[in-house]
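>>> Fold the following for me, if possible:
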Amino acid sequence: MLCVAPQFRKNPAVPDAVVVEAPAKLNLYLRILGKRADGFHELESVMTTIGLYDTLRFTANDSGSLELECHDARSPVGGAGSPPESPPPESPPSGPSNLIWRAAQLLRDATGCARGAKIELWKRIPIAAGLAGGSSDAAATLFGLNRLWKLNASPQLLHVLASQLGSDIPFFLCGATTALCQGRGEIITPLSLPAGLSVVVARPATGLSTAEVFRHCRPEPGTGGGQQLATALSTGRLQAAAGHMHNTLQEAAFRLNADVLRLRDAFSRLPFVGHLMSGSGTSYFGLCHNRNEAVRLAGRLRALGVGAVFVAQTRP
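Numbers count the residues shown, from 1 in each chain. Purely as a prediction, here's the structure:
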């Protein structure tokens, strides 16, 4: 199974390093079905990656130490790969509590590897925003260090390790840019959707704790909505797909953070095909017919001062 997301690329300037691009995701559909005996939640979700990336560079050392450096790589004027005018995020931890560090240590424990690495993270995906930047970075770490350390760990082992770290992480190693995720997120069915769906994403200055949102959500029994949405999108029926867009966590987020509610109201006043909160928030997005429409509606949202607003496209 080939990893499509994250993406590996060579860096001629540092030939002994592995560089991986870790994409953000949106939840086009997310239904929380109930809590499992293992403490995780049973869910059904359609996730798709978009053209917003964190960059990680892995350089090996033989001392056995792990070193993590985090850099803010967002452009202040909305350069390529960065949300324009993005509010300063909380700095991600650079020690053992970071998912990147935990992924590296878990891979070493599982394979008996004694080597170390310097890991450099250039952060563009906002944190606490429902865009799964931390999960994508963790998947990129499993993928990148497996290459760097020449472990030849199987895709199946990487999938198991990803599942131990978090529910979103297996998706980023599945070899597809869009997928239906079930169980606690580890049962993955790749989906084929039209390339380059245009979306407008808005993120307020405030964030939300995923654990807190899950504590306040009310599970909703019933499945099948995700597949119905995917079928409508795959046949180009955007309006029909919008009718299936759903996020169980949205109502809890509205109660916990008024900024998300204000985003919902702002998106509701504009002619998006459909709109929804991503993941546990606080990012909110609208689906558009094409990129020109997305650029126009993004400008109207910026004029309302709702936060950082950017146009993105789903990845082929």
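
>>> just checking, next helix/strand downstream of the worst-scoring helix or strand of the chain on mean pLDDT?
Least confident helix or strand, the chain: strand 7-9 with a mean of 59, by mean pLDDT, DSSP states H and E. Proceeding N to C from strand 7-9, the next assigned helix or strand is strand 17-35, under DSSP states H and E.

>>> what about G299, how many residues close to it?
12 (other C-beta atoms under 10 Å). All C-beta spots, glycine's among them, are computed from the backbone N, C-alpha and C.

>>> for it, helix, strand, or coil?
helix (DSSP: H, G, I helix; E, B strand; the rest coil).

>>> Please, which helix or strand holds the nearest residue to H244 once chain neighbours are set aside?
Using C-beta to C-beta, 6 or more residues apart in numbering and skipping residues adjacent in sequence, the residue nearest H244 is L229, 3.7 Å away. If you go by DSSP H and E, L229 is part of helix 225-234.

>>> which residues are contacting that helix?
28-29, 31, 44-46, 178, 180, 191-194, 197, 238, 240-241, 243-246 (C-beta atoms under 8 Å, 6 or more residues apart in numbering).

>>> got the residue ranges for the helices in the chain?
Taking DSSP state H as the test, the helices found in the chain are 99-111, 133-148, 155-165, 210-216, 225-234, 238-242, 250-256, 258-268, 291-303.

>>> end-to-end on stretch 185-205?
28 Å (C-alpha to C-alpha, to the nearest Å).

>>> Show me which residues of that stretch are buried.
If you call a residue buried by 16 or more other C-beta atoms under 10 Å, then stretch 185-205 has these buried ones: 185-186, 188, 191, 193, 197-204.

>>> how about those residues in CSV, adding pLDDT and distance to A129?
CSV is the format used below for the buried residues of stretch 185-205 (pLDDT from 0 to 100; distance: C-beta to C-beta, whole Å):
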residue, pLDDT, distance to A129
G185, 92, 18
E186, 92, 23
I188, 95, 23
L191, 90, 23
L193, 80, 22
L197, 91, 20
S198, 95, 19
V199, 97, 14
V200, 98, 15
V201, 97, 9
A202, 97, 10
R203, 95, 5
P204, 94, 9
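
>>> Derive a PyMOL selection command for the buried subset of the contacts of helix 225-234.
Buried residues within the contacts of helix 225-234, by 16+ other C-beta under 10 Å, are selected in PyMOL with:
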select buried, resi 28+29+31+44+45+46+178+180+191+193+197+238+240+241+244+245+246
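
>>> Filter the contacts of helix 225-234 down to just the ones in strands.
Per DSSP state E, strands hold the following members of these: L28, Y29, R31, E44, S45, V46, T178, L180, H246.

>>> Closest one to G305 out of those residues, please.
Closest approach to G305 among these (C-beta to C-beta): L28, at 26.6 Å.

>>> Below-threshold pLDDT in this structure: ranges please.
1-15, 75-92 (pLDDT under 70).

>>> Can I get stretch 269-278 in CSV? Just the C-alpha atoms.
Extracted C-alpha coordinates of stretch 269-278, given in CSV (Å, rounded to 0.1, in the frame of the first residue of the first chain):
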residue,chain,number,x,y,z
ARG,A,269,-26.0,34.3,4.8
LEU,A,270,-23.8,33.6,1.8
PRO,A,271,-24.7,31.3,-1.2
PHE,A,272,-22.5,28.4,-0.4
VAL,A,273,-23.6,25.0,-1.8
GLY,A,274,-23.3,23.7,1.7
HIS,A,275,-21.4,24.5,4.9
LEU,A,276,-20.2,22.7,8.0
MET,A,277,-17.8,22.7,10.9
SER,A,278,-14.8,20.4,10.4
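
>>> Now it: buried residues?
For stretch 269-278, burial by neighbour count (16+ other C-beta under 10 Å) applies to L270, F272, V273, G274, H275, L276, M277, S278.

>>> and what of stretch 299-315?
L301, R302, V306, G307, A308, V309, F310, V311, A312, Q313, T314, R315.

>>> tell me how far the ends of that stretch are from each other?
This stretch, stretch 299-315, spans 23 Å end to end (C-alpha to C-alpha).

>>> Please apply the same query to stretch 150-159.
17 Å.

>>> who touches that stretch?
With C-beta under 8 Å, 6+ apart, stretch 150-159 has contacts from 1, 3, 107, 110-111, 113, 142-143, 145-146, 170, 173-175, 186.

>>> which among the residues you listed end up buried?
Looks like the contacts of stretch 150-159 have 3, 107, 110-111, 113, 142-143, 145-146, 170, 173-174, 186 buried, using 16+ other C-beta under 10 Å.

>>> Name the nearest of these relative to G64.
Distances from G64 to those, taken by C-beta to C-beta, are shortest for C113, at 9.3 Å.

>>> okay but that closest one is in contact with N146, surely?
No. Using C-beta atoms under 8 Å, C113 makes no contact with N146, being 9.6 Å away.
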